[in-house]
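J.: Prediction below, plus the sequence it came from.
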Amino acid sequence: MGLWYKVAKVEEPQDALRTRERYEFLQRYDGGVRVIATSYDPLSNRWDRRQDYMAPVDAKGAALSSHYQLPMPVHFSISRFGPFGVSYYVVALDPNYQWAMVSGPSPKSFSILSRRSELEPGMRAPLEQLATRQNLLKAPLQWAVPDQDAAPR
């Protein structure tokens, strides 16, 4: 839970212009997770903010009763429009909870999230190597420029 920043991603057409992406994950009373996604669109000079609902699911898409101590990869379904969900997978997670690798919903969709808007020095190469070894990169990884302007709350 908490605030995470998208520090690297494989560019997808619908996400290509989004910058300064961050996600706030908030535990819900029903075991699901409320996701507040914030990003900046430089063409329109506007911040975009949306809310989604996320829940851990099993291989068949059925909601799991608990999301604690799930083995990797953790499968999540994110719902924006009623019962229809989009699948995402947490495929690697730092033992100290400082970064996470996320894939889905398309084969080319991949990103690295960090607890800070900038990774620790020297972390880019090892994380990119890990993603390559796990065959997660289907296109070049684009690293985010460190965020200088705070997003609106």
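T.: Cool, got the structure.
J.: contacts, neighbours, all on C-alpha from now
T.: Fine.
J.: Could I get the full set of strands for this structure?
T.: 2-10, 19-27, 33-41, 46-56, 74-81, 84-93, 99-103, 110-114, 141-143 (DSSP state E).
J.: Quick one: mean pLDDT for the fifth one?
T.: When pLDDT is averaged along strand 74-81, the result is 67.
J.: Now render the strands of the chain as JSON lines, adding mean neighbour count and distance to Met123.
T.: Shown next, in JSON lines, are the strands of the chain (neighbours: other C-alpha atoms under 10 Å; distance: least, C-alpha to C-alpha, whole Å):
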{"stretch": "strand 2-10", "mean neighbour count": "21", "distance to Met123": "11"}
{"stretch": "strand 19-27", "mean neighbour count": "19", "distance to Met123": "19"}
{"stretch": "strand 33-41", "mean neighbour count": "19", "distance to Met123": "23"}
{"stretch": "strand 46-56", "mean neighbour count": "17", "distance to Met123": "28"}
{"stretch": "strand 74-81", "mean neighbour count": "19", "distance to Met123": "23"}
{"stretch": "strand 84-93", "mean neighbour count": "17", "distance to Met123": "14"}
{"stretch": "strand 99-103", "mean neighbour count": "22", "distance to Met123": "10"}
{"stretch": "strand 110-114", "mean neighbour count": "24", "distance to Met123": "11"}
{"stretch": "strand 141-143", "mean neighbour count": "15", "distance to Met123": "12"}
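J.: TSV please, covering these and showing distance to Asn135.
T.: Listed next are the strands of the chain as TSV, based on distance: least, C-alpha to C-alpha, whole Å:
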stretch	distance to Asn135
strand 2-10	13
strand 19-27	24
strand 33-41	27
strand 46-56	23
strand 74-81	17
strand 84-93	11
strand 99-103	11
strand 110-114	11
strand 141-143	13
